[in-house]
Structure formats: C-alpha cells, structure tokens
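Participant: 3D, please:
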Amino acid sequence: MSPETESESVARPPLGIRVVCWARIVLVFLEFILMFWLLANFEALYVAVLLVAIAGEVVIMYGLWTLQLWGWVLALVWYSIGVVQSGVSVLSGSMGSLIGVIFSLIIVGLVLTNYQFFR
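Facilitator: Presented below is the predicted three-dimensional model:
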C-alpha cells in the first residue's frame, strides 16, 4: 500500500469548470488592462466598478476551482445576471452584446452541468 499523496487527495475540477476558469482568467486580465486605460483617462467611477467586477470574478473562480458549493452558486448568479444584462443590450440594439449572451449562456451551462462535483 502506498500512502496517499497530497495531489491525489485534492479533487481536480472537471474539464468544463477548468474551461470556465481559464476563459474568465483571460477576460479578467483584459479587464485589468482596460482598468489602466480608464484610469489614464480619469474615469474613476468606471475603474471602481471594474475593480469590484474583477474582485468578484476572482472570488468566483477560486470557489469554482476548489469545487466549493458557494462558488457554484455565486457563478450561477453572476453569469445569469450577465445573460440578462447582455440580453437587454441586444434588445436595445447592441448586436455586439450577442457574443456576451452566447458566452454567458455557455458558462451557465457548464456550471449547471457540473453541479455533482461541488460539496
């Protein structure tokens, strides 16, 4: 019998959750760059909102990656709000937000289908 190593005892997130986390990491990085551009243009209110969004994304990604039930719930709520917000933008004439709706729906689907992995 071999003793269980630490890497074997830590659950690895399923592929769908890893895809969600890595995609959101890329987008958070882009939001971080946008934040500096907004800061250079003296848009302090937008920077504050973006900082809250980035912090929320990081907390959600941590919860998803560590397979915490609260991470699953937060992700579902956060990305469902994203679907509604992007959907309203599409309905108001911004067809560019259609990509946001599709992306958010894919994320919600991946989060929903992996519920059984969360404790």
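Participant: okay, CA-based contacts and neighbour counts for the rest of this
Facilitator: Noted.
Participant: Show me where this structure has its helices.
Facilitator: Listed in chain order, the helices of the chain (DSSP state H) span 6-9, 15-40, 44-65, 69-91, 97-113.
Participant: for those, which one sits closest to Arg119?
Facilitator: helix 69-91 (5.3 Å; CA to CA).
Participant: burial count for Leu30?
Facilitator: Neighbourhood size, Leu30 [other CA atoms under 10 Å]: 11.
Participant: Need the per-residue pLDDT for it.
Facilitator: For Leu30, the model assigns a pLDDT of 89.
Participant: Tell me the confidence at the nearest residue to Met35 once chain neighbours are set aside?
Facilitator: For Met35, ignoring the flanking residues on the chain, the nearest one in space by CA to CA, 6 or more residues apart in numbering is Val47 at 5.6 Å. pLDDT for Val47: 81.
Participant: follow-up on the earlier one: JSON lines for the helices of the chain, including distance to Arg119?
Facilitator: Below are these laid out as JSON lines (distance: least, CA to CA, whole Å):
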{"stretch": "helix 6-9", "distance to Arg119": "15"}
{"stretch": "helix 15-40", "distance to Arg119": "14"}
{"stretch": "helix 44-65", "distance to Arg119": "11"}
{"stretch": "helix 69-91", "distance to Arg119": "5"}
{"stretch": "helix 97-113", "distance to Arg119": "14"}
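Participant: Thank you, goodbye.
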